[in-house]
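Asks: Pasting a predicted model and its sequence here:
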Amino acid sequence: MRTSSPSIATPARTNNRASPARLAFFWFGIQAIWGALLGISLQARSAQIVGSHALIFYGYLATSGALVAAAVQLLVGPLSDRRRRAGSRRIEFYVIGAVLGSGALVWFYRAQSPWSLLCAYAALQAGLNIAINPYQAAIPDLVESKSAGIASAWMAGLQSAGNAAGATLATVVGNGVVLAGVLGALLLATCAATARAVRVWPPRAPSQRAAIRFSRAFALLFLSRASLFAGFYTLLGYLFFYTLAFVTHVQRQARIADGELILAFTLVGAAGAALGGRPSDRFDRRNVATVGALCAVAALTIFVVGRSPIAAAAAILIGGLGWGVFLVADWAIACRVIPQASAAGGMALWNLAVIAPQIVAPLAATALVQRLGGGLQTGVTAAFILAGLEMLLGIGLLRRLPAGLTRE
């Protein structure tokens, strides 16, 4: 789930348009929450509440939350586009989502039963996804296509930095209510900063054409992204259990080791995002994304073969760097394929390629683990092999995108 450099430190500003760096602040706050939850707190809270059945319960928890996220995005995206065509800058969605999300965080960390935890996580997904989809339309609303790579680099870089901050907080802050308060305050503060930036700079003139074209290119983009993120979420979701199986057998120490690995992944991912920005504006973005994704496949191979703390550290560094590069190119391709007139609606569909894997990946991995008997070591190894195969399928689909849509 998770920094500046010469390549992204001086984003272009033309015609008094918003700085991509300032637009990306809110993404930092949102991703800090996902950095805390997706790789650490979901698994740790599952283990706290259901004990030995955590491996199975986690799959149901992750799937239920993703279903809520998908439904909310499909409802909010078209509504946000209609508000945009009527003159809105979509800020109202940022504020509502941030307020609801910060409240749901407290509920999540105070939940004491499986049912309460499921409901709290569903509420958190609903709140954040009210904000996420309209917010992601900020780049098409404000940033010219020729600068999409740099803007995407800021988004990917602060995504990794936010994931790192969240993972760190989830690792070192033992009190759940305190952790919820810190993450909620960060979410509200970054929301306010980005809302101010969007309010100050005038957006591009909205088009009145609302149709989203379901082209072959969009279908390939969706399927490739969904397959790659299925592999990513399988890796992220079962990394805690990997540390419990092959690094330490003590839950508290496994949580700390998991947090350290995710922190390293996200920090290296921020470096990968910095490296990927300018190449994504200069070269075929399919090639940039492919290189990054292949690094992630290599990392999964190291996990499976090594089964040790040293192998895990090496895999995390290679995978994090590659994933950061992939995120930049992936976002830049989407900004090229999705029409600006329906930015939020298109982003809602594009986001399903991230949400659907959160539903399918845990179910597929859970079914595989159960079929193999539910053993920790065997189950984790099988899940990581499945993740590698999912990523390879995504790379194959990515390579089929038309070259004209993946370069300026």
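Replies: That came through, no problem.
Asks: And the closest residue to residue 317 other than its chain neighbours, how far from residue 185?
Replies: Leaving aside its chain neighbours, residue 317 sits nearest to residue 268 (5.5 Å; criterion: C-beta to C-beta, 6 or more residues apart in numbering). Where C-beta positions appear, they are placed from N, C-alpha and C, glycine not excepted. For residue 268, the distance to residue 185 equals 27 Å [C-beta to C-beta, to the nearest Å].
Asks: same deal with residue 81?
Replies: Distance from residue 81 to residue 185, counting by C-beta to C-beta: 31 Å.
Asks: more crowded one of these two?
Replies: More crowded of residue 81 and residue 185, by other C-beta atoms under 10 Å: residue 81, with 26 against 12.
Asks: Give the buried residues for whichever strand or helix holds that one.
Replies: For residue 81, the element it lies in under DSSP states H and E is helix 54-85. For helix 54-85, the neighbour count (16 or more other C-beta atoms under 10 Å) marks 54-70, 72-74, 76-81, 83-84 as buried.
Asks: For the host helix or strand of residue 361, give the mean pLDDT please.
Replies: Taking DSSP H and E as the criterion, residue 361 maps to helix 343-371. Across helix 343-371, the average pLDDT comes to 78.
Asks: Same check on stretch 96-105?
Replies: 95.
Asks: May I ask which helix or strand encompasses the closest residue to residue 90 other than its chain neighbours?
Replies: Of all residues not flanking residue 90 in the chain, residue 134 sits nearest, at 4.0 Å (C-beta to C-beta, 6+ apart). Here residue 134, judged by DSSP H and E, is contained in helix 114-136.
Asks: what's the angle from that helix to helix 54-85?
Replies: 30 degrees (axes from the mean of the first three to the mean of the last three C-alpha atoms, to 10 degrees).
Asks: I'd like to check the angle between helix 114-136 and helix 343-371, please.
Replies: 150 degrees.
Asks: which parts of helix 114-136 are buried?
Replies: Neighbour counts over helix 114-136 (16+ other C-beta under 10 Å) mark 114, 117-136 as buried.
Asks: what helices or strands is that helix leaning on?
Replies: Helix 114-136 is packed against helix 25-36, helix 42-50, helix 54-85, helix 91-110, helix 343-371, with contacts defined by 3 or more C-beta pairs under 8 Å, 6 or more residues apart in numbering; DSSP states H and E.
Asks: Which secondary structure elements does the fourth one sit against?
Replies: What that stands for is helix 91-110. helix 25-36, helix 54-85, helix 114-136, helix 176-200.
Asks: One more: the shortest one?
Replies: Secondary structure elements in contact with helix 42-50, counted by 3+ C-beta pairs under 8 Å, 6+ apart, are helix 54-85, helix 114-136, helix 216-246, helix 251-282.
Asks: Show the subsequent helix or strand relative to the lowest-mean-pLDDT helix or strand in the chain.
Replies: When each helix and strand of the chain is scored by mean pLDDT, DSSP states H and E, helix 138-142 comes last, with a mean of 70. Using DSSP H and E, the helix or strand that follows helix 138-142 in sequence is helix 148-172.
Asks: ok and that following helix relative to helix 91-110, angle-wise?
Replies: For helix 148-172 against helix 91-110, the angle between stretch directions is 20 degrees (the same axes, to 10 degrees).
Asks: So what's the model's average confidence on helix 148-172?
Replies: The average pLDDT within helix 148-172 is 79.
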